[in-house]
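*Asks:* just a sequence and a predicted model for now, questions to come.
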Number of protein chains: 2
Amino acid sequence: MNDTLAAAGRRRMTSRELVVWRALIDTTAELHRRLAAQLAADSGLSPGDYSVLLALSEAPGRRLRSSELAATIDWERSRLSHHLGRMEKRGLIERAECVTDSRGAEVVLSEDGARTFRAATAPHARAIKQHFGDALSPAQFEALDDILQTLDRHLEATR
Amino acid sequence: MNDTLAAAGRRRMTSRELVVWRALIDTTAELHRRLAAQLAADSGLSPGDYSVLLALSEAPGRRLRSSELAATIDWERSRLSHHLGRMEKRGLIERAECVTDSRGAEVVLSEDGARTFRAATAPHARAIKQHFGDALSPAQFEALDDILQTLDRHLEATR
DNA sequence: GACGCACTATTGACGCGTCAATCACTTGGG
DNA sequence: CCCAAGTGATTGACGCGTCAATAGTGCGTC
């Protein structure tokens, strides 16, 4: 556990910390916007579409139970359900009944979805590299990795 | 300019960088969720509401031209317009015609909005401190600040 | 084998964000 | 004065995210 935690009790946040907090919010939001806009321009996909297609394309048989898919990409089931509805309308995925459990639904990557995803990966990786990868030094990556792990553990601890 | 930039040309992103990228996305998203849920539970406000109310409560006369407000919190005007509509329905703000330019609209913090905001600030600051401020060491804050500034500059440069 | 309960997935309502179109008004050039 | 271009703000359509409610199915217990 962290030194800071012990002494954190009745301390107030410094304005410095608040500024860093705002910067974190704002900068990551801007990063999102850029990447999303680029991805949409390149492939017509949203970040959500991309996550779903990535998970499916890596799944055995390019298919997953709806709940497994939700777990894989860490989405709420209802969110996934809504999103799959939209993706199905666009022909990116198909839904099939599950053989082993008739409550379940299977989500299958369509030919069209696979093609679209394949075409999207390279430009998307390029965009991430351009906006994020190329910005930071190796030491900064190291530090960021450490910070994010710390934050993650902290969030886990108070779930 | 950064050492990395010069050498960045035809390099591919390392999988390490990709992992950090995913962690950045996921962890900040989770932070958002927590803070938003806490804020809503404490005060019934969304993060957007909070930004608007903060800007208004700091403005002279607790009022701002719509476009100035948009600039202050860095929102698109259309987004702000939609949001103000919802906030107006809830009585958090009022809209008034602008005296000097009849195209313009003034946004005024209502009594109710001011009261709600006042009640929200302390718990909100506490929540930020709890989920973010208390998690990191001073050195980590330092490092994060540096990283975010670097990212910001990088984003600015390719606007 | 019927009941209760947990589990899977979906739906509807509503707030939120973006884009493109629109309306109302101002302003500057003729 | 008038009109064309520019500006301030709003709107509508649509995708997205969350919450609460629901429908249907599996399954253990009596």
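*Replies:* Great, that's in hand.

*Asks:* tally of neighbours for the nearest residue to A:Ala143 once chain neighbours are set aside?
*Replies:* The shortest distance from A:Ala143 to any non-neighbouring residue, by CB to CB, 6 or more residues apart in numbering or on different chains, is to B:Ala143 (4.1 Å). Where you see a C-beta, it was placed from the backbone N, CA and C, and this is true even at glycine. Using other CB atoms under 10 Å in any protein chain shown, the number of residues around B:Ala143 comes to 19.

*Asks:* tell me which residue is most central in chain A.
*Replies:* In chain A, the C-alpha nearest the mean C-alpha coordinate belongs to A:Ser51, at 6.1 Å (CA atoms, centre = their mean).

*Asks:* name the SS class of that residue, please.
*Replies:* Assigned by DSSP: H, G, I helix; E, B strand; the rest coil, the conformation of A:Ser51 is helix.

*Asks:* I'd say it and A:Leu69 touch.
*Replies:* No: between A:Ser51 and A:Leu69 there is no contact, the gap being 9.5 Å when judged by CB atoms under 8 Å.

*Asks:* for A:Thr158, phi and psi?
*Replies:* When quoted as degrees, to the nearest 10, the phi and psi of A:Thr158 stand at phi -120, psi 30.

*Asks:* list the contacts for it?
*Replies:* Shown in contact with A:Thr158 (CB atoms under 8 Å, 6 or more residues apart in numbering or on different chains): B:Gln130, B:His131.

*Asks:* not counting its neighbours along the chain, what's nearest the residue nearest to the centre of chain A?
*Replies:* Excluding the flanking residues, the one nearest A:Ser51 by CB to CB, 6+ apart is A:Ile73, at 4.7 Å.

*Asks:* tell me the strands beside the strand or helix carrying A:Val108, with direction?
*Replies:* Taking DSSP states H and E as the definition, A:Val108 sits inside strand A:105-109. With DSSP bridges as the test, strand A:105-109 is paired with strand A:63-65 (antiparallel), strand A:93-97 (antiparallel).

*Asks:* most tightly packed of these?
*Replies:* strand A:63-65 (a mean of 19; mean count of other CB atoms under 10 Å in any protein chain shown).

*Asks:* the longest helix along chain A close to chain B?
*Replies:* Secondary structure of chain A per DSSP state H: the longest helix is helix A:15-43. Yes: judged by CB under 8 Å from any CB of the partner chain, helix A:15-43 comes into contact with chain B through A:16-21, A:23-28, A:30-32, A:34.
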